[in-house]
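Enquirer: Below: sequence and its predicted model.
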Amino acid sequence: MEWTTLNNDVKMPMLGLGVYKVEDGAVTVDTVKAALDADYRLIDTAAIYQNEESVGQALREAGIPREDVFVTTKLWNEFHGFDEALQAFQDSLDRLGLEYVDLFLIHWPMPRFGKFVETYKALEQLYEEGRVRAIGVSNFEIEHLEQIIQSCSIVPAVNQVEIHPYLSQKELIAFCKRYDIQIQAWSPLMKGREALEDETIVKIAKAHGKSPAQVILRWHLQNGVAVIPKSVTPSRIKENIQVFDFTLTKEEMAAIDALNRDERTGSDPKEMHKIHY
């Protein structure tokens, strides 16, 4: 496993398990335990995923020391605002059954509401109180990050955004690198869509004796992007972490970079205003 050191010196695994839309209950518990058995040490959940309780149960049942697992959760859109964010964090903590989380993110900037700076200041208080080891944001564009950096005292440790070969986000990655903000990709495999069948990626995979998914994850990692692929299939969970034993060439990296077409599978952060899914 490769680790990155965040801008506050906290260490975070470069690869973890995302549990977006993983069914609450036994499915989430079994999935998280399978990942931990496969040596994953980062689990990424969120209030809106409605499976925080099951993630917490899996962590307890796995018997791995709490300090050895990096746990991320996120603040949902209806809880923007200082006091609302503090209460929502406590609710997440209670559902997880933990004394702290390693990373707490604002899930979406919700620019029409104009509250994300105020909300982030609540995260700063949680960090200063030691209730979270690092704070950050998710789905923030450059303009949103600039407002946080100008108005708040703690630069986000992480910005978690959609990135895959058809949405490379090079400008955003470069901006975050300037401020030592770690980029983390959600939907790193494009939700299993056509990127896995792209002839360029398939050709590179054959050359390395790896799967297209492994090649895409390796591309992210070599670009300095952390990843949280989702799977509920134990064999795929194992496959997704077996990406630290090969290296893509500069030519292969460039060939995958060239696939970008700015194609999103998720919402545009500037237009995302949903309160409920």
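Expert: Noted; the coordinates are in hand. Numbers count the residues shown, from 1 in each chain.

Enquirer: What segments of the stretch 151-277 of the chain are helices?
Expert: 170-178, 199-208, 212-222, 234-241, 250-257 (DSSP state H, counting those that start in this stretch).

Enquirer: now, of these, which is deepest in the fold?
Expert: helix 212-222 (a mean of 23; mean count of other CB atoms under 10 Å). From N, CA and C alone the C-beta is placed, and that goes for glycine too.

Enquirer: Check which helices and strands that helix is in contact with.
Expert: For helix 212-222, the helices and strands in contact under the criterion 3 or more CB pairs under 8 Å, 6 or more residues apart in numbering; DSSP states H and E are helix 199-208, strand 226-227, helix 234-241, helix 250-257.

Enquirer: on that earlier part again, can you lay out the helices of the stretch 151-277 of the chain as TSV showing mean pLDDT and distance to residue 51?
Expert: Formatted as TSV, the helices of the stretch 151-277 of the chain follow (pLDDT from 0 to 100; distance: least, CB to CB, whole Å):
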stretch	mean pLDDT	distance to residue 51
helix 170-178	98	28
helix 199-208	98	30
helix 212-222	98	23
helix 234-241	97	16
helix 250-257	98	32
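
Enquirer: do you know which of the helices and strands packed on helix 212-222 lies nearest residue 59?
Expert: The closest of the helices and strands packed on helix 212-222 to residue 59 is helix 234-241. By CB to CB, the value is 15.9 Å.

Enquirer: Go ahead and measure how far stretch 121-137 is from the middle of the chain.
Expert: A distance of 17 Å separates the centroid of the chain from that of stretch 121-137, by CA atoms, centre = their mean, to the nearest Å.

Enquirer: Quick check: buried residues in that stretch?
Expert: 121-123, 126-127, 131-137 (16 or more other CB atoms under 10 Å).

Enquirer: can you give me the strands for the stretch 1-150 of the chain?
Expert: 3-5, 11-13, 17-18, 42-44, 70-75, 103-106, 135-138 (DSSP state E, counting those that start in this stretch).

Enquirer: so which of these gets nearest residue 247?
Expert: It is, among the strands of the stretch 1-150 of the chain and with distance given as CB to CB, strand 3-5, at 17.4 Å.

Enquirer: mean confidence for the helix ranked longest in the chain?
Expert: Counting residues, the longest helix found in the chain (DSSP state H) is helix 82-96. Averaging pLDDT along helix 82-96 gives 98.

Enquirer: what packs against it?
Expert: helix 52-62, strand 70-75, strand 103-106, helix 116-128.

Enquirer: okay, these, which one's buried deepest?
Expert: strand 103-106 (a mean of 27).
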